[in-house]
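# my questions are about this predicted structure, shown below with the sequence.
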Amino acid sequence: MSHLVRIPAPDGLAGSPNYSHVVYGTGRLVAVAGQVALDENGKLVGEGDPLAQTRQIFANLGTALAAAGAAFADVVKLGYFITDAACLAAIRDVRAEVMGEHLPASTAVQVVALFRPDLLLEIEAWAIVPQDRA
């Protein structure tokens, strides 16, 4: 049994196939700073390509989570900061590949720009690591 409880559609809220309205659990909270499409050398991956940037961002998230003893299955919330709503399709595709049915609570915010003009999106994560890994 998972240490997390996911409630896709509480009574009174419309459901979504792309996120859970509520996720809760017990354990150690892990906050992962917003990740962008920079590789381990600080070089941009996927200039102008939302899918390539999203893949690099999820790779970075995975690395950061692992450093805290967490995995994508432990993620309870993702925050997306996008410069174009069209990036959501790439996010959904990559998130499905990486997270499968573990749908976190999510927030997507379209912004005018990120800290560099060649960055199309930034993603932050919150996870809860179970007590036996805490």
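In hand now; what should we look at? Numbers count the residues shown, from 1 in each chain.

# who does the longest helix anywhere in the chain touch, helix- and strand-wise?
In the chain, assigned by DSSP state H, the helix with the most residues is helix 50-67. Packing contacts for helix 50-67, counted by 3 or more CB pairs under 8 Å, 6 or more residues apart in numbering; DSSP states H and E, involve strand 28-35, helix 87-99, strand 121-129. Any C-beta I mention is one placed from the backbone N, CA and C, and that applies to glycine too.

# most packed of those?
The highest average neighbour count among these, using mean count of other CB atoms under 10 Å, belongs to strand 121-129 at a mean of 22.

# that one vs helix 87-99, what angle?
Per axes from the mean of the first three to the mean of the last three CA atoms, to 10 degrees, the angle that strand 121-129 makes with helix 87-99 is 30 degrees.

# so strand 121-129 versus strand 28-35, what angle?
With the same axes, to 10 degrees applied, the angle from strand 121-129 to strand 28-35 works out at 170 degrees.

# which strands or helices does strand 121-129 pack on?
Looks like strand 121-129 contacts strand 28-35, helix 50-67, strand 75-82, helix 87-99 (3+ CB pairs under 8 Å, 6+ apart).

# how far off centre is the last one?
The reference is to helix 87-99. 9 Å (CA atoms, centre = their mean, to the nearest Å).

# got the contact list for the most centrally placed residue in the chain?
Geometric centre of the chain, nearest residue: L78, 3.9 Å, by CA atoms, centre = their mean. Residues in contact with L78 (CB atoms under 8 Å, 6 or more residues apart in numbering) are 95, 104-107, 123-126.
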